[in-house]
Structures are given as structure tokens and as C-alpha cells.
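Q: need a 3D model of the following:
(2 chains)
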Amino acid sequence: NAGVMQNPRHLVRRRGQEARLRCSPMKGHSHVYWYRQLPEEGLKFMVYLQKENIIDESGMPKERFSAEFPKEGPSILRIQQVVRGDSAAYFCASSPGTDREAFFGQGTRLTVV
Amino acid sequence: KNEVEQSPQNLTAQEGEFITINCSYSVGISALHWLQQHPGGGIVSLFMLSSGKKKHGRLIATINIQEKHSSLHITASHPRDSAVYICAVRLLPGGGADGLTFGKGTHLIIQP
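A: Sure thing, here's the model as predicted:
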């Protein structure tokens, strides 16, 4: 049973481009969480999804950021028109249900140049 | 004031020492997590606690719900334990975001 898979591990984008980050949860996990870790800062919650539904996006910036978790395939975190301040490590975690232990991926380190 | 406070922020110790990292929180929670992150690396879940005490190898985690406090202990510390240790809580339903709320982490260095 592979762990939570995130790709790419490293992503470089120029200002104004789009970034697409992928997260494949552990087998049997239907709950996905995205977190952001800015340089020298702690982790912050962004969005919580279940299959085909956004449950809580209270931590997501209102503009340029979107997330989805389709019926088939990985969860996608999409950042449009990236800016330097979007440079961060983005972590995905999955769990089999609410209040169950969540397992984290290795993260995607986004650098905006 | 952060909802989750960790202490100390930084800790340097000698190999073999007994390590304690503390976490206090100010909100109602359904569970508390201890996580480990190596520099530039991923995040590993060490424990999820809602009461009492858990042990895994040289790691022990305790939680006191009444005092809103948890501790992570490392016995017989080793240089490979050097990492950032992060305390995170899941708020009670209706208490806030559905994801975890994190402390700022404790940077632990174990010198040989």
C-alpha cells in the first residue's frame, strides 16, 4: 500500500504562470487535506475535500487558488497567475475518515521566479 | 495568541539524553497529533491522541485533556532524531476549520 503520493516534488514557475499540484491519497482514503508551509513559517490548513466535494475551503485564498478531488484520479491544487508569495511547500494528507489518523505526502516545493 | 503553543522553540541536547517537548492549546479539540519533519523532507505522523498515553519505540506521547497540554518524550536520544517536531490539533466540530491547526514546531538537534 503506497503512501500518499504527491507530484511533482519540485516545481518552478515564472510569475503569471499556472501551477498544478497533484495528490494521490492512500488506497481506501476518501478524505484529502491540503496544507501550505511558507518559508520559516508553520503549516496552515488550506482546504478539505472528499470525493467530488469541497467540505471546507476556509483556509484557501479567495482568488487564484482552487482545488478538486474528482471521482477518478488524484486531487489537484491549482494556482493561477502565480506570484512570488506563492513560493512554499504544499503538503497533502489523506485519511479514511473524519477523526482518523491522517498520513502526509512528501510535499511539492513550489518556487516562483 | 496562537491556538497551539509549543516549547521550547529550539532544543540542542547530547546523544542519550531524555528529551521533552511540550504543547499547550487553548481550544476544544477532538484529537492531538505529533508530527516529525526533517529539513527539506516530508511530514511523518508519529502519534494521534485523544486521551492518555501512547508509546512507539523510544517515543512516548501523553495528553492531559483537562489541562489542555501534551508532551512528546524521546528516550535515549540519537542524532537521527534531529528534526522539527510539530504539535497539531483537530478542533471540535463547529470550532473552526476542519483541517489540523499547527504549532510552530520545535527544532531539535541531537549532538553525537
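Q: show me which residues of chain A sit near chain B.
A: A:33, A:35, A:41-48, A:55-56, A:58-59, A:91, A:93, A:98-99, A:101-107, A:109 (Cβ under 8 Å from any Cβ of the partner chain). Every C-beta, even on glycine, is put in place using the N, C-alpha and C of the backbone.
Q: can you tell me which of these are in strands?
A: A:33, A:35, A:43-48, A:55-56, A:91, A:93, A:103-104, A:109 (DSSP state E).
Q: who's in contact with the closest residue to chain A within chain B?
A: Per Cβ to the nearest Cβ, residue B:99 is where chain B lies closest to chain A, at 3.3 Å. Residue B:99 sits next to A:33, A:35, A:45, A:46, A:47, A:48, A:56, A:59, B:90 when contact means Cβ atoms under 8 Å, 6 or more residues apart in numbering or on different chains.
Q: now chain A against chain B: closest residue?
A: Residue of chain A nearest chain B, by Cβ to the nearest Cβ: residue A:45 (3.3 Å).
Q: wait, that residue sits on residue A:35?
A: Yes. Counting by Cβ atoms under 8 Å, residue A:45 touches residue A:35, with 5.8 Å between them.
Q: quick check: neighbours shared by those two?
A: Common neighbours of residue A:45 and residue A:35, counting by Cβ under 8 Å, 6+ apart, are B:99, B:100.
Q: give me the number of residues near residue A:79?
A: Residues lying near residue A:79 (other Cβ atoms under 10 Å in any protein chain shown) number 23.
Q: does it really touch residue A:67, like I thought?
A: No. Using Cβ under 8 Å as the test, residue A:79 is too far from residue A:67 to be in contact (9.9 Å).
Q: please enumerate the shared neighbours of the two.
A: Shared contacts of residue A:79 and residue A:67, defined by Cβ under 8 Å, 6+ apart, are absent.
Q: would you state the strands of chain B in chain order?
A: For chain B, the strands defined by DSSP E occupy B:4-7, B:10-14, B:19-25, B:29-37, B:43-49, B:52-56, B:59-64, B:69-74, B:83-91, B:100-102, B:106-111.
Q: hmm, back to that, buried ones among the ones in strands among the residues of chain A next to chain B?
A: By neighbour count, with 16 or more other Cβ atoms under 10 Å in any protein chain shown, these hold A:33, A:35, A:43-48, A:56, A:91, A:93, A:103-104, A:109 as buried.
Q: contacting residues for the residue of chain A closest to chain B?
A: A:33, A:35, A:58, A:59, B:97, B:98, B:99, B:100, B:101.
Q: local confidence estimate at it?
A: Looking at residue A:45, its pLDDT stands at 95.
Q: now it, nearest residue through space, not along the chain?
A: Spatial nearest neighbour of residue A:45, excluding adjacent residues (Cβ to Cβ, 6 or more residues apart in numbering or on different chains): residue B:99 at 3.3 Å.
Q: need the contact list for the closest residue to residue B:68 other than its chain neighbours.
A: Computed as Cβ to Cβ, 6+ apart, the closest residue to residue B:68 that is not its neighbour in sequence is residue B:25, at 5.2 Å. Counting by Cβ under 8 Å, 6+ apart, residue B:25 makes contact with B:3, B:4, B:5, B:32, B:68, B:69, B:70, B:87, B:89.
Q: perfect, that will be all.
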